[in-house]
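# take this sequence and fold it.
(chains A, B and C)
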Amino acid sequence: MHIVVCMKQVPRDNSVKINADLTINADGIEQIMNLFDEYAVEEALQWNEKLGGKVTVLSIGPEDWKEQIRRALAMGATDSLLLSDPAFTNLDTFGAARVAAAAIKKLGDVDLVLGGRNSTDDETGAFAPALARLLGWTQLTYVGKIVSLESGKIVAERHLEEVIETVEASLPAVVTVVKGINEPRYPSLLRIRKVAKVEIPTWSAADLGLSAADLTPALKLVNRVPPPPRPKGEMIEGKDAAEKVKKLVDKLMEAQVI
Amino acid sequence: MANEIWVFIERTSQGEMAGVSKELLGKARELADANGMKVGALILGAGVGDLANAAFAYGADTAYVVDDGALAQYTTDAYVGAAAALAKKYQPALILTGASFQMRDFSAALAAELDTGVAADSTNVSIENGAVSAVRSSHGGNVINTLTFAPGKTAVVSVRKQSFPEPQPNPGRSGAVVTEAMPGVPMRAKVVSVAPKQGAVNLADAAIIVSGGRGLGSPENYYKLIPPLAEAVGGAYGASRAIVDAGWVPYEHQVGQTGKTVSPKLYMAIGISGAIQHLAGMRSSRTIVAINKDPDAPIFRVATYGVVGDANEIVPLLTEEIKKRTGK
Amino acid sequence: MDFTANYDMFLTEEHQILRRTVREFAEKEVAPFIREWDRSGAAMEGPETRPHIRPILKRMGELGLLGICLPTRLGGAGMDYLALAVVCEELERVDSFLRVVMSVHTGLNSLTLFQWGTEEQQRKYLIPQAKGEKIAAYCLTEPNSGTDAGAMLATARRDGDYYILNGEKTWISLADIADNFLVFAKTDPSKGNRGISCFIVERTMPGFSSQPIHGKLGVRAGNTGSVILEDVRVPVANRLGEEGEGFKIAMTALDNGRYTVAAGATGLIQASLEASIRYAKERQTFGVPIAEHQLVKRMISHMVRKLDTSRLLVYRAGWMKNQGRRNTRETTLAKWHATVSSFEAADDAIQIHGAYGYSDEYPVERYLRNARGAIIYEGTRELQELLQADFALGFRENKPLRRELPAYDPDEWA
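Residues are numbered from 1 along each chain as shown, chains lettered A, B, ... in the order given. Okay, the predicted model is just below:
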């Protein structure tokens, strides 16, 4: 079975700034593997250990963004693919999905695409559904357990807000996973050394046959601002805990929130 | 492009129209009136009953209905197949959906199917000179984006619950019902079973959330203090990532960047210092109460009411006082 | 800001992945519990009351940290000596007891076997240690001899194919936990330093016992104790190096141990700096975050200076080790500078935290207590100062050794 994991590199925390041209400035913030994607990598590795085949970790980003790909390789991914082109700099979610779809079509023999339920920076959760539609594959989002995986068929639990839906679907499919589906492993130190010199194949827009139109954002970003500051709060003072509690409850009842 | 705004009508497990759909109908009505447009209710399901009339009462002019056994349960293929066929035929300018997991799945796939884009988990939507704009936060609430859809394409916007007020229904309103047959689309997935989640906590829906963090000192203190207070205020209980990762509380309860994003009318943060990842998940709550030993904890920066003190002392008193005053 | 960025002249992408892995391990598996572990160590010591130590050592072994800079043919991870520094930095960034494990198990013991051990000794002892299956420690200090190692009283008397060891060693990290010990004892008490020899001693050998030390100022999450040798019969095959070569061996071991201490201290400075930055931006006085006050800024900037200089000194020493160059001067300079700096940085971190820094609500008081010991152990501050002067004045120079620490060979080690 050939499993592709779509992995995104994101800032470790979201204390980002906004540049004058509305792009995001994450300078000085460490870049990490999107946390939900880490679960996807682990899930792919576990099924690969059971079924054999290969696990390709795929990412879109600049050439010098290979560290997280190597990290996934050190965790145990067998193959890697970086999709990199100056034209990819300002992709939106659907643009990224078109790039990934072109690559997956070009790979040709893919049975399953795994990814995190969303990235922790853009938080659209729309990449995988768009990818599935572009590939013409079925999609299973918010998966908290893959019950079985075999040639041509997957059974998975979708962990929704209040229910767990067990769904049977045909392969190939695009699946997104939630936190807690597994316990991601640490990269193996032996593999860190081994993968350090691995050449990461890199495909450009031209390699993928993508035109400027394919990469044009569907939505135009017209404004980007930090959140408005919250109105100044009030510290509840009092001679002891009992008095503070009484005052707090007064306030909450006055505001009709309890 | 037709002059219509569609709202996808979601149902509760009891089969009634979900609150978020009412909110969206209200907003759609307001936008339609201001722009000389009509409101369509997109109703998909098997045995949809009286939903069309309910939608009219909340502001819809037309109900677009596909009532078919294939839609008995949500699958992306069936729902997106039906919705896309309708949208391609009637060309609405805008389709609004809720932002539950199911709707996030649906709206993104639908947008892709319609070769347009999606503004996911938005908090506002507007129409100006025919162009649809949506406001959505990203980067854990630290960035507020305004996005505009290209004209000539159907805009798809999923909207976070409680972004708009629920309108008063007008049971006297009526409208037209347009019924279409289920289109022939490949059905590659089938729901085998649906089971309630063990210990499910729908934090996103809770009007009041009481959350605890590492400042409580131990899991024992968490369970001694937080659920009883949550019960007293009739709310759900949440947790910071720190104590979820430390195994005190199951992940279901986690509020923050990699947990749930919530905006209840009251959020009580107890023994939570307010790491940026936590603030990301709760800073849009209407009223925030923070109880913390450390007067410099960043949580106080976002708090409406702050109390400096030991949670172990304050919370039992607070629980008692609330029970006494609210008569519970 | 990422204080580990822009060391590309020393570090590769491998080191960055390693750093992230070790950081995750320490933050996930140690940080949430460290306050309790540290507190529990204030009252008592000894493995029976410190149930966290063995599982953490096991995890470090599984991850491959304990043999990080040893060739894979010897059970190691095949990474270089700079990787050892990165591991120590990241471990001590969370707590010193983790780095102490690297110091004694990897730096003082395993690398010494790597440098001086016979093939047989390496097969029997080094491979299981590199894999983390056996834990190792180092026994030089005695109740009445620390810096003045030549004054040691422990003896090793030859008896056929055995030596019979007697004596007491103290301030031994992992005394109650380790399986294998490098023990220094006098085979010829009349000869001072030249009469010292080195032995590989196993805990299971009859006559071996250990006991914990209570009431330490710092590193309370770890185990420190005394080792008592009463007529312990050690096979001649377990003598490391030649008879009388023990002092030289002890000193080369310290070149590696001190390197890990210096790297760890660098991590501790970073922890102090990170905690201070976080707090200085949060805490407000006179209507502004205290980060805006000049005297707070000065403390922050001094920490930055100490962090970067310490790190550069450590990486230079690591680079020299990779090249196979003797590095006693560079390593001791790094150790002196980084440990003294780490104590000062922790002190300033407490000052920035004000009264909160004085309680264990915040980690900085633990940093201070943990930093203090490293100014004493593995060569006191004063000894390092003298060494630097002696090297500069030409009173001391590196003499060639019978066995040098092998240079890093990426192909042969892989």
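
# chain center to stretch A:250-258: distance?
40 Å (CA atoms, centre = their mean, to the nearest Å).

# what pairs with B:Gly45 across the strands?
Taking DSSP bridges as the rule, B:Gly45 bridges to B:Asp67.

# what's the burial count for the residue of the stretch 201-350 of chain C found nearest chain A?
The nearest approach of the stretch 201-350 of chain C to chain A comes at C:Lys281, 10.3 Å away (CB to the nearest CB). Where C-beta positions appear, they are placed from N, C-alpha and C, glycine not excepted. Using other CB atoms under 10 Å in any protein chain shown, C:Lys281 has 14 other residues around it.

# ok, now the one 4 residues further on?
Taking other CB under 10 Å as the neighbour definition, C:Thr285 ends up with a count of 12.

# now it, nearest residue through space, not along the chain?
Closest residue to C:Thr285 in three dimensions, ignoring its sequence neighbours and counting by CB to CB, 6 or more residues apart in numbering or on different chains: C:His293, at 7.5 Å.

# A:Arg98 now?
A:Asp214 (5.0 Å).

# again, but for B:Pro151
B:Ala131 (5.7 Å).

# contact partners for the one you found?
B:Thr148, B:Phe149, B:Pro151 (CB atoms under 8 Å, 6 or more residues apart in numbering or on different chains).

# pick the one among those closest to chain A.
Closest approach to chain A among the contacts of B:Ala131 (CB to the nearest CB): B:Thr148, at 4.8 Å.

# so what touches stretch A:79-88?
Contacts for stretch A:79-88 (CB under 8 Å, 6+ apart): A:54-63, A:65-66, A:69-70, A:72-73, A:95-96, A:99-100, A:103, A:107, A:198, A:200-206, A:208, A:210, A:212, A:215.

# so which bits of that stretch are buried?
A:Asp79, A:Ser80, A:Leu81, A:Leu82, A:Leu83, A:Ser84, A:Asp85, A:Ala87, A:Phe88 (16 or more other CB atoms under 10 Å in any protein chain shown).

# need phi/psi at the first one.
Pointing back at A:Asp79 there. Torsion angles at A:Asp79 (phi, psi; degrees, to the nearest 10) stand at phi -140, psi 160.

# so what pairs up with it in the strands?
A:Thr56.

# please report the distance of it from B:Ala55.
50 Å (CB to CB, to the nearest Å).

# the host helix or strand of B:Glu321: which residues count as buried?
Using DSSP states H and E, B:Glu321 maps to helix B:311-326. The neighbour-count check on helix B:311-326 (16+ other CB under 10 Å) flags B:Ala311, B:Asn312, B:Ile314, B:Val315, B:Pro316, B:Leu317, B:Leu318, B:Thr319, B:Glu320, B:Glu321, B:Ile322 as buried.

# that helix near chain C at all?
No - Helix B:311-326 stays out of contact with chain C when judged by CB under 8 Å from any CB of the partner chain, the minimum separation being 13.3 Å.

# name the residues of the stretch 201-328 of chain B found near chain C, please.
So the stretch 201-328 of chain B meets chain C at B:Arg214, B:Ala242, B:Asp245, B:Ala246, B:Lys293, B:Asp294, B:Asp296, B:Ala297, B:Pro298 (CB under 8 Å from any CB).

# from these, which is closest to A:Asp240?
Closest approach to A:Asp240 among those (CB to CB): B:Lys293, at 15.1 Å.

# how far away is that closest one from B:Phe300?
For B:Lys293 relative to B:Phe300 (CB to CB), the value is 11 Å.

# higher neighbour count, the two?
Per other CB under 10 Å, whichever of B:Lys293 and B:Phe300 has more neighbours is B:Phe300, with 24 against 16.

# you'd agree the more buried one is in a helix?
Yes - B:Phe300 forms part of a helix when assessed by DSSP: H, G, I helix; E, B strand; the rest coil.

# surely it is in contact with B:Gly306?
Yes - at 4.4 Å, B:Phe300 and B:Gly306 qualify as touching, with contact defined as CB atoms under 8 Å.

# what touches both of those two?
In contact with both B:Phe300 and B:Gly306: A:Gly233, A:Met235, B:Ala290, B:Asn292, using CB under 8 Å, 6+ apart.

# as CSV, the buried residues of helix B:311-326 with pLDDT and distance to A:Lys220 would be great.
As requested, those are exported to CSV (pLDDT from 0 to 100; distance: CB to CB, whole Å):
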residue, pLDDT, distance to A:Lys220
B:Ala311, 93, 47
B:Asn312, 93, 52
B:Ile314, 95, 49
B:Val315, 95, 48
B:Pro316, 96, 53
B:Leu317, 95, 53
B:Leu318, 95, 48
B:Thr319, 95, 50
B:Glu320, 94, 54
B:Glu321, 94, 52
B:Ile322, 94, 48
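
# ok, those vs chain C, which is closest?
Using CB to the nearest CB, B:Ala311 comes nearest to chain C of the buried residues of helix B:311-326, at 13.3 Å.
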